[in-house]
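>>> One predicted model, sequence on top.
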Amino acid sequence: MKQIRPKCIIAMAAFLFFFTQAYAETESPLPSYSLSVVTADFPPFSFEGEQMGHQGLGYEIVKAVLEKSGQPFSIQRLPWKRALETAKNEPYTLLFPCARSKEREPLFHWIGEISKRSISFFKLKERKDIKINNLDDLFQYKVAAVRGYKATTHFIEDGGKVTQATTDEQVLKMLQSGRADLILNEDLVVAWSLKQLSLETESNKFTFSDIEKAFQYEEGSSRFFVLNIKTPKNIADRLEDAYRDLVENGEIKKIVSHYR
């Protein structure tokens with residue numbers, strides 16, 4: 001039997017090595033592990049529909065990113081504090097929606113933005129008598145807001161008086177009935193809640209066109225979906241690439257438009 005020369009063996013081994021390296025660089029295998037996705041009830045970012053299960057702006061964006069990246073996942077809805085603690089402490093855990101802060105910055109891979117966070121005071125469009133030029137002007141009016149929201153707490157700390165309600169819909173009904181001159185809430189939440197309210201009350205529709213922004217209170221921050229920092233970076237990179245592709249092809253913008 002003819003023996004293969006050592007030099008040929010070395011050459012063949014080198015060829016196979018470089019071939020497999022090139023293939024590995026161009027064809028990343030799909031992950032076999034599953035990410036645990038945690039979220040809390042927070043319409044319109046995350047909520048459970050009566051017939052369709054998990055729904056919401058954040059859920060649709062996260063689902064689109066994970067599916068595009070080929071990443072298996074499971075999702076569960078938890079109370080917010082528990083969801084946050086789980087994502088902080090357990091690798092391979094993804095959380096949404098999450099506001100960015102100095103305290104949270106080092107705890108996560110910040111994968112992508114769900115929405116800009118803009119907080120405003122709204123009034124009925126017909127209330128031409130309400131004029132707001134600065135924060136002090138707000139103190140003379142009856143303001144309604146949801147109990148427990150950060151914006152509600154901030155306004156009270158600023159010296160404002162607030163009639164607090166349990167839900168976004170209750171606050172809107174107070175504005176519609178005249179029990180409040182102004183309401184304080186996130187712009188996207190107001191638009192979504194009005195859409196849901198108009199579906200419930202066909203005989204007395206109250207829509208976004210009936211109100212207008214009276215004063216911009218807070219803006220600049222965003223809500224994100226994030227990955228526990230102990231999760232390998234190549235996983236975060238894969239998700240970031242998928243998110244970037246969806247932004248560039250207009251899919252993220254299309255999803256957001258359904259909730260305005």
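Ah, there it is. Numbers count the residues shown, from 1 in each chain.

>>> mean confidence score for stretch 45-61?
Averaging pLDDT along stretch 45-61 gives 86.

>>> Show me which residues of it are buried.
Using 16 or more other Cβ atoms under 10 Å as the test for burial, stretch 45-61 gives 45-47, 54-61. For glycine as for every other residue, the C-beta is placed from the backbone atoms N, C-alpha and C.

>>> Let me see the contact set for the closest residue to residue 78 other than its chain neighbours.
Nearest non-adjacent residue to residue 78, counting by Cβ to Cβ, 6 or more residues apart in numbering: residue 38, 5.6 Å away. By Cβ atoms under 8 Å, 6 or more residues apart in numbering, the contact set of residue 38 is 75-78, 83, 86-87, 93-95.

>>> Got a ChimeraX select line for the buried ones in those residues?
Buried members of those, defined by 16+ other Cβ under 10 Å, are picked up in ChimeraX with:
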select :75,77,78,83,86,87,93,94,95
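
>>> what's the closest of the contacts of residue 38 to residue 68?
Distance to residue 68 across the contacts of residue 38 (Cβ to Cβ) is lowest for residue 94, with 14.3 Å.

>>> Beyond the helix or strand harbouring that closest one, next helix or strand please.
Using DSSP states H and E, residue 94 maps to strand 93-99. Where DSSP H and E defines the elements, the next helix or strand beyond strand 93-99 is strand 108-124.

>>> from the chain's centre, how far out does that next one sit?
Here the centre of strand 108-124 is set off from its chain's centre by 8 Å, with Cα atoms, centre = their mean, to the nearest Å.

>>> For that strand, which residues meet the burial criterion?
Under 16+ other Cβ under 10 Å, the buried positions of strand 108-124 are 108-115, 117-124.

>>> Show me what stretch 79-92 is in contact with.
Contacts with stretch 79-92, where a contact means Cβ under 8 Å, 6+ apart, come from 33-36, 38-40, 42, 77-78, 93-95, 98, 107-108, 226, 228, 230-231, 235.

>>> I meant to write stretch 210-221 there.
Contacts to stretch 210-221, defined as Cβ under 8 Å, 6+ apart, come from residues 99-100, 116-126, 130, 132, 135, 137-138, 151, 154-155, 175-176, 182, 184, 187, 190, 194.

>>> mind listing what the strand holding residue 94 pairs with, with the direction of each?
strand 35-39 (parallel), strand 211-228 (antiparallel) (DSSP bridges).

>>> export these to JSON lines and tack on mean pLDDT and distance to residue 66?
Formatted as JSON lines, the strands paired with strand 93-99 follow (pLDDT from 0 to 100; distance: least, Cβ to Cβ, whole Å):
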{"stretch": "strand 35-39", "mean pLDDT": "97", "distance to residue 66": "7"}
{"stretch": "strand 211-228", "mean pLDDT": "92", "distance to residue 66": "10"}
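
>>> Kindly compare burial across those strands and name the winner.
strand 35-39 (a mean of 23; mean count of other Cβ atoms under 10 Å).

>>> how distant is that one from the center of its chain?
13 Å.

>>> Same check on stretch 68-75?
Taking the mean of its C-alpha atoms, stretch 68-75 sits 17 Å from the chain's own mean (Cα atoms, centre = their mean).

>>> what's next to it, contact-wise?
The contact list for stretch 68-75 (Cβ under 8 Å, 6+ apart) reads 30-39, 54, 59, 66, 94, 235, 238-239, 241-242, 245-246.

>>> ok, now stretch 229-242?
By Cβ under 8 Å, 6+ apart, stretch 229-242 touches 28, 31, 35, 65-66, 68-69, 71, 91-93, 106-109, 111-112, 227.
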